[in-house]
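**Student:** predicted model and sequence follow; I will ask about them next.
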Amino acid sequence: MTHKTEAKIETAKASSYLQQLCKHFGHKVETSFTPEAGSIIFPFGTATLKADDSHLTMTAETETAEDAERLKKVMASHLERFAFREDLAISWS
């Protein structure tokens with residue numbers, strides 16, 4: 001994997017969102033998770049998640065820049081849908 005990008009999102013519900021994302025995608029792709037960490041393996045890249053008391057960190061690792069953009073969009077759009085009651089700031093670096 002040559003492209004790696006990360007978003008650190010401030011939220012008190014980090015562990016809940018981590019588990020919700022992994023459970024949701026687990027119906028279609030391979031996932032593994034605990035309340036503190038998870039991974040989602042898509043055909044176009046891997047998302048790793050880490051949760052602490054105040055942040056959810058999402059890391060996207062892909063082979064191409066195009067796949068990186070796709071993975072970032074998939075993860076962000078689903079998190080925004082699950083966290084519709086919050087105004088989350090999702091910024092990838």
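**Tutor:** Thanks, I have the structure now. Numbers count the residues shown, from 1 in each chain.
**Student:** Provide a list of residues in contact with residue 72.
**Tutor:** Shown in contact with residue 72 (C-beta atoms under 8 Å, 6 or more residues apart in numbering): 5, 7, 60, 92. Using the backbone N, CA and C atoms, a C-beta is placed for each residue, glycine as well.
**Student:** can you list those residues in JSON lines and add neighbour count, distance to residue 71 and secondary structure?
**Tutor:** Shown next, in JSON lines, are these (neighbours: other C-beta atoms under 10 Å; distance: C-beta to C-beta, whole Å; DSSP: H, G, I helix; E, B strand; the rest coil):
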{"residue": "5", "neighbour count": "16", "distance to residue 71": "9", "secondary structure": "strand"}
{"residue": "7", "neighbour count": "20", "distance to residue 71": "11", "secondary structure": "strand"}
{"residue": "60", "neighbour count": "28", "distance to residue 71": "4", "secondary structure": "strand"}
{"residue": "92", "neighbour count": "16", "distance to residue 71": "10", "secondary structure": "strand"}
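**Student:** what about residue 35, which SS state?
**Tutor:** coil (DSSP: H, G, I helix; E, B strand; the rest coil).
**Student:** tell me the buried residues in the strand or helix carrying residue 61?
**Tutor:** Secondary structure assignment for residue 61, by DSSP states H and E: strand 55-62. Neighbour counts using 16 or more other C-beta atoms under 10 Å place 56, 57, 58, 59, 60, 61, 62 of strand 55-62 among the buried residues.
**Student:** name the nearest residue to the first one, sequence neighbours excluded.
**Tutor:** It refers to residue 56. Spatially, and ignoring its direct neighbours in sequence, residue 56 is nearest to residue 14 (3.8 Å; C-beta to C-beta, 6 or more residues apart in numbering).
**Student:** what do you get for the third one?
**Tutor:** With C-beta to C-beta, 6+ apart as the criterion, residue 58 has its nearest non-adjacent residue at 4.9 Å, and that residue is residue 7.
**Student:** show me where this structure has helices.
**Tutor:** 14-25, 65-82 (DSSP state H).
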